[in-house]
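S.K.: generate coordinates for the sequence data below:
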Amino acid sequence: MTTTTHIVAFSGSLRESSYNTAAIKAASELLPENTTLELLDISELPLYNQELDGEQTPKAVLDLAQKVANADAILFATPEYNYSVPGVLKNAIDWLSRQQPQPFAGKPAALMSASMSMLGGARAQYHLRQIMIYLDVHLINKPEVMIASAHDKFDENGKLTDQSTRDFIGKLMAALVSWRVQLNS
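M.R.: Sure, this is the predicted structure:
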């Protein structure tokens, strides 16, 4: 019997022509067999407000939490804003971190980042790793995918054209599925 792995993906950018969203789309083309990937929409989430926790939690948050809870693994792709993760991604994480049962807990996950800078979003990834430790997310360590000079690696339609980057993303997706199997055995 073959098991399907369902991965949910968060893009830390709402920009229509986001390199990080494009990297997730490239990842969806490079999945191992019996793997699916769903890009989650975080654009409709209101700003986190603790007064809305519990019975007043917005439906968009509850729906997102359910998708994460039902997923086998998580992929994060984030740009770097001011040496850290963008507010929109942090907002989604903050909302989900308040849900019970906690949808992130125990999930295998992978990170990647794309940036026009030479560091490729490395500092944002390190901050995201710190956040995920608290949420008991089990991140894979390698390969690290930091897409530097992203504007040179995607075409005008958002297609990832750089073969070595495609190879790294393919290895990342294979490692995530393998990590999921290890954690569940």
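S.K.: for S97, what are its contacts?
M.R.: Listed by C-beta atoms under 8 Å, 6 or more residues apart in numbering, the contact partners of S97 are F104, L135. For the C-beta atoms, the positions are set from N, CA and C on the backbone; glycine is no exception.
S.K.: please report how far it lies from R15.
M.R.: Relative to R15, S97 is positioned 24 Å away (C-beta to C-beta, to the nearest Å).
S.K.: go on, L47?
M.R.: With C-beta to C-beta as the criterion, L47 and R15 are 19 Å apart.
S.K.: equivalent analysis for D136, please.
M.R.: From D136 to R15 the distance is 30 Å (C-beta to C-beta).
S.K.: point to the residue nearest the middle of the chain.
M.R.: Ranked by distance to the mean C-alpha position of the chain (C-alpha atoms, centre = their mean), the top residue is F76 at 1.4 Å.
S.K.: that one belongs to a helix?
M.R.: No - with DSSP: H, G, I helix; E, B strand; the rest coil as the criterion, F76 is assigned strand and is not in a helix.
S.K.: make residue 1 into 4 and carry on from there
M.R.: Got it, the first residue is 4 from now on, which makes the last one we talked about F79.
S.K.: tell me the pLDDT at it?
M.R.: F79 is assigned a predicted lDDT (pLDDT) of 98.
S.K.: and T6, by the same measure?
M.R.: With respect to pLDDT, T6 has a value of 83.
S.K.: with S46 instead?
M.R.: S46 is given a pLDDT of 96.
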